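Peer 1: Need coordinates for the below:
(chains A and B)
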Amino acid sequence: MSTLRTNALEGVDAKNSITIVAGAGNVTTTNVEQGLAKQWCRIVQTSTQSVADSLNTASITDNGTGKTIYTFTNAMRAGTDYSILGTANQEGCGGEHSEMAAGQYEIRVQANDGSLADGSQVSTAIMGDLA
Amino acid sequence: MATLKTNTLTGTSTAGSIAVTGEGNSTTTNLQQGLVKSWVNFDGTASGATARDSFNVSGMTDNATGDYTAAFTNSMANANYSAMVACGDTGGTKSTRDEEILAIATGSVRLHIFHTNDEADRDEAYVGGLVAGDLA
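Peer 2: Numbers count the residues shown, from 1 in each chain, chains lettered A, B, ... in the order given. Model prediction:
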């Protein structure tokens, strides 16, 4: 096995685009930058909202029961073009997102009856293009 | 800081496998396995559910209310991949919507949005999908 040591990767033709062979058949390629999550965060909403671990998350804001605003360290390229995935482990709760902007987004956790509820573990991830 | 400049990364022993040292500097992970192979953001209320932005999505199909199919540009190796979907709106109004994966195939994934209280199908303005697994 050969080992290449580097601290950073950068495309030559386009700095933000590196192709990688990734198919099970060792032929199909995909794009490194497009395949990377640009932000992820796991928080606790119950009691004082807090971050357990995160990437590219400058801060979170408690926006009320079941509602959290995530502010990016590095903003996304466009306010509404990125993809948000989220889940919450509070019993009977599902995660959904509402307010989206280049610098932040909000997620809401709610019970099956639609009422907002704090989740003890709420996980989110962002796919899309950084600014 | 060392910066490697290249347009393409290929494993030497196996073309589709490159190891990367983890954040704890002790264990390794696999670069290709850690990459999301497809993602999409689309408007489920718009005709055709056209994607606002996407990766490895050749097209969207609006099957019916709350029922959408995302077709891949490069297919997955099998139907064992992990698919996720989430949705929301910009009105800040709460509702009893839920999401599920209706069907998984090597060339596409079918997403479903519905009410949790009566299971009625529902279109949403912001729907996000994500696929992790093995490309063909």
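
Peer 1: Smallest gap between chain B and chain A, at which residue?
Peer 2: Nearest residue of chain B to chain A (Cβ to the nearest Cβ) works out as B:L35 at 3.1 Å. (C-beta placed from N, C-alpha, C; glycine too.)

Peer 1: so where's chain A uncertain?
Peer 2: Scanning chain A for pLDDT under 70 picks out A:89-98, A:112.

Peer 1: tally of neighbours for the residue in it positioned nearest to chain B?
Peer 2: Scanning chain A for the residue nearest chain B gives A:G35, at 3.1 Å (criterion: Cβ to the nearest Cβ). Residues near A:G35, counting by other Cβ atoms under 10 Å in any protein chain shown, number 21.

Peer 1: Identify the residue spatially nearest to the residue of chain B closest to chain A, adjacent ones excluded.
Peer 2: In this structure, B:L35 finds its nearest non-sequential neighbour in A:G35, 3.1 Å apart by Cβ to Cβ, 6 or more residues apart in numbering or on different chains.

Peer 1: Give me the distance between that neighbour and A:S17.
Peer 2: Noted for A:G35: a distance of 11 Å to A:S17, by Cβ to Cβ, to the nearest Å.

Peer 1: Which parts of chain B are helices?
Peer 2: Using DSSP state H, the helices found in chain B span residues B:31-34.

Peer 1: low-scoring stretches of it, by residue?
Peer 2: Short version for chain B, where the test is pLDDT under 70: B:1, B:89-96.

Peer 1: Please enumerate residues in contact with stretch B:102-119?
Peer 2: A:94, A:112-114, B:38, B:44, B:63, B:66-72, B:75-79, B:81, B:83, B:85, B:87, B:95-101, B:120-124, B:127, B:129, B:131, B:136 (Cβ atoms under 8 Å, 6 or more residues apart in numbering or on different chains).

Peer 1: For ChimeraX, write the select line for the buried members of these.
Peer 2: ChimeraX command restricting those to the buried ones, with burial defined by 16 or more other Cβ atoms under 10 Å in any protein chain shown:
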select /A:94 /B:38,44,66,67,68,69,70,71,72,75,76,77,81,83,85,87,95,96,97,98,99,122,123,124,127,129,131
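
Peer 1: Restricted to strands, list the contacts of stretch B:102-119.
Peer 2: A:94, B:38, B:63, B:67-72, B:83, B:85, B:87, B:97-101, B:127, B:129, B:131 (DSSP state E).

Peer 1: and the residue nearest to B:L35, backbone torsions?
Peer 2: Per-residue torsions, A:G35: phi -90, psi 0 (degrees, to the nearest 10).

Peer 1: coming back round to it: residue contacts, the residue of chain A closest to chain B?
Peer 2: B:G34, B:L35, B:V36, B:K37, B:F55.

Peer 1: With B:T29 instead?
Peer 2: So B:T29 contacts B:A19, B:V20, B:G22 (Cβ under 8 Å, 6+ apart).

Peer 1: so what's the closest residue to the first one other than its chain neighbours up against?
Peer 2: The one in question is B:A19. Here the nearest residue to B:A19 in space, its sequence neighbours aside, is B:T28; by Cβ to Cβ, 6+ apart that works out to 4.4 Å. B:T28 makes contact with B:A19, B:V20, B:T21, B:G22, according to Cβ under 8 Å, 6+ apart.

Peer 1: Many thanks, we can stop here.
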